[in-house]
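> Fold the following for me, if possible:
(one chain, ligands or ions: 1)
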Amino acid sequence: METTHRVFVGDSRDLSQVTDDSVELVVTSPPYPMIEMWDDLFTELDPAVGEALAAGDGRDAFEAMHAQLDRVWDELERVLVDGGIACINVGDATRSVDGSFRVYPNHARVLEAFERRGFDPLPDILWRKPANSAAKFMGSGMIPPNAYVTLEHEYILVFRKGEESRSFEPGADRRYEAAYFWEERNRWFTDVWTDVRGELQAIDATDDDLRERSAAYPLEIPYRLLCMYSAYGDTVLDPFWGTGTTTLAAMCAGRDSVGYELEDAFLEVFDEGVEAVPALSRSIGRARLERHREFVDRRREEGKGFEYDADYYETPVVTKMERGIRLREVSAVHETDDGYRLEHAPLVLE
Ligand SMILES: C[S@@+](CC[C@H](N)C(=O)[O-])C[C@H]1O[C@@H](n2cnc3c(N)ncnc32)[C@H](O)[C@@H]1O
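Predicted coordinates for the structure are as follows:
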């Protein structure tokens with residue numbers, strides 16, 4: 001099996017290198033409106049943002065920033081297939097403008113934007129992002145009533161394009177081989193993720209400093225979303241590519257990817273780290289199988305049995321749907337004119 005990964009330095013308000021109805025999944029995290037680190041970027045996209053901020057008009061600035069994101073959402077509507085899914089990671093912003101403190105509810109504004117474009121919202125996910133202690137307590141400290149709650153969660157908003165889910169031919173291998181384990185389903189499909197920092201931390205390829213500057217999300221987030229909402233052979237798009245975490249996840253999960261990023265410096269860094277992908281994909285796959293075996297041991301200790309065996313691994317599974325699971329590892333990475341072509345082999349466990 002092969003996958004391709006294209007990355008464009010450019011403005012995703014115009015995704016003209018991506019054809020209509022050619023993307024099955026979007027996984028992305030935009031610059032968050034009203035978070036100060038993105039003020040300059042939004043002002044470059046539209047000078048009205050800077051003018052509103054300078055005039056102390058938070059509402060106008062918030063709206064002008066979202067108007068720029070709206071143009072990207074228009075493009076997603078064009079490139080996604082019917083029934084395709086968009087997962088948008090976004091956090092709300094708290095800020096004082098002209099002496100007045102308030103929350104700017106980015107998640108609500110993005111939700112509204114997608115609904116207006118004919119997407120159906122699906123149940124969303126909250127994940128906890130610990131704030132550093134300096135930013136933790138805002139307002140008047142220990143005296144009521146003017147202290148404010150600290151935001152320590154972000155949203156993963158999930159939308160389906162149109163009313164109908166995607167359909168596949170019965171028994172499609174590319175879907176059944178991309179199945180996940182029952183116990184993974186139980187963790188991944190809960191609406192509050194408190195465990196995203198732990199698991200894949202050791203296998204992150206990019207250095208922490210760069211990830212901080214680009215507001216990168218942990219690899220675990222796009223990796224899970226890709227496993228949850230796409231099959232082998234699907235293409236995932238990230239229009240706000242940053243350090244390329246979504247592409248890294250797509251490489252490891254055996255999906256095709258496309259990314260757009262304004263800053264070409266991020267692409268160079270990704271290029272330097274790409275040779276680590278085969279080892280990374282193997283370690284992610286092995287860790288999943290290892291965790292499954294631990295689950296099997298625990299379940300047996302509890303006196304519970306298994307009705308099915310996996311077809312490709314020597315392990316029992318809880319449900320019939322898991323039998324065809326076949327993880328992939330990257331066996332070779334080749335550079336192409338606009339990104340990478342990867343070869344994948346089935347992951348085997350000695
Ligand atoms: C929150 S960061 C994404 C981080 C990414 N998820 C990661 O893990 O590294 C948003 C990124 O979008 C880029 N960006 C903002 N507006 C853009 C636009 N109109 N077109 C392309 N990239 C854009 C920024 O340069 C920034 O790198």
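> so residue 84 sits right up against residue 159, yeah?
No: Residue 84 is not in contact with residue 159 according to CB atoms under 8 Å; the separation is 9.3 Å. Quick note: C-beta positions are derived from backbone N, CA and C, even for glycine.
> what's the next secondary structure element after the lowest-mean-pLDDT helix or strand in the chain?
When the helices and strands of the chain are scored by mean pLDDT, DSSP states H and E, helix 208-213 comes last with a mean of 70. Using DSSP states H and E, the next helix or strand after helix 208-213 towards the C-terminus is helix 220-229.
> Now for the closest residue to residue 33 other than its chain neighbours: which residues touch it?
Nearest non-adjacent residue to residue 33, counting by CB to CB, 6 or more residues apart in numbering: residue 65, 3.5 Å away. Shown in contact with residue 65 (CB atoms under 8 Å, 6 or more residues apart in numbering): 33-34, 38, 42, 46, 49.
> repeat that with 10 Å
30-35, 38-39, 41-43, 45-46, 48-49, 52-53, 93, 104, 106, 109 (CB atoms under 10 Å, 6 or more residues apart in numbering).
> so what pLDDT did the residue in the chain that the ligand sits nearest to get?
Nearest to the ligand, among the residues of the chain, is residue 242, at 2.6 Å (CB to the nearest ligand atom). For residue 242, the model assigns a pLDDT of 97.
> ok, how many other residues are close to it?
24 (other CB atoms under 10 Å).
> Is it in contact with residue 259, as I believe?
Yes: taking contacts as CB atoms under 10 Å, residue 242 lies within contact range of residue 259: 8.8 Å.
> shared neighbours, the two?
With CB under 10 Å, 6+ apart as the test, residue 242 and residue 259 both reach 28, 266, 270.
> Could you list which of those belong to strands?
residue 28 (DSSP state E).
> now the shared contacts of residue 242 and residue 259 as TSV including distance to residue 232?
TSV is the format used below for the shared contacts of residue 242 and residue 259 (distance: CB to CB, whole Å):
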residue	distance to residue 232
28	21
266	27
270	23
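> So residue 52, which state does it fall into?
Under DSSP: H, G, I helix; E, B strand; the rest coil, the three-state class of residue 52 is helix.
> I'd say it and residue 58 touch.
Yes: applying CB under 10 Å as the test, residue 52 and residue 58 come out as touching, 7.8 Å apart.
> intersection of neighbour lists for those two?
residue 97.
> hang on, the residue of the chain closest to the ligand in a strand?
No: with three-state DSSP as the criterion, residue 242 is located in coil rather than a strand.
> mind listing the helices for the chain?
Here the chain has its helices, by DSSP state H, at 39-45, 47-54, 58-79, 106-116, 173-176, 182-188, 208-213, 220-229, 245-253, 264-273, 277-301.
> Just name the most buried of those helices.
helix 245-253 (a mean of 28; mean count of other CB atoms under 10 Å).
> Please see if it touches the ligand.
Yes: using CB under 6 Å from any ligand atom, helix 245-253 comes into contact with the ligand via residue 245.
> Output that helix as PDB, nothing but the C-alphas.
What follows is helix 245-253, C-alpha atoms only, in PDB (Å, rounded to 0.1, in the frame of the first residue of the first chain):
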ATOM      1  CA  THR A 245       1.000  17.100  13.100                       C
ATOM      2  CA  THR A 246      -2.000  16.000  11.100                       C
ATOM      3  CA  THR A 247       0.200  14.800   8.200                       C
ATOM      4  CA  LEU A 248       2.400  13.000  10.700                       C
ATOM      5  CA  ALA A 249      -0.700  11.200  12.000                       C
ATOM      6  CA  ALA A 250      -1.900  10.500   8.500                       C
ATOM      7  CA  MET A 251       1.400   8.900   7.600                       C
ATOM      8  CA  CYS A 252       1.400   6.700  10.700                       C
ATOM      9  CA  ALA A 253      -2.300   5.800  10.300                       C
END
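> For that helix, what is the distance to the chain centroid?
10 Å (CA atoms, centre = their mean, to the nearest Å).
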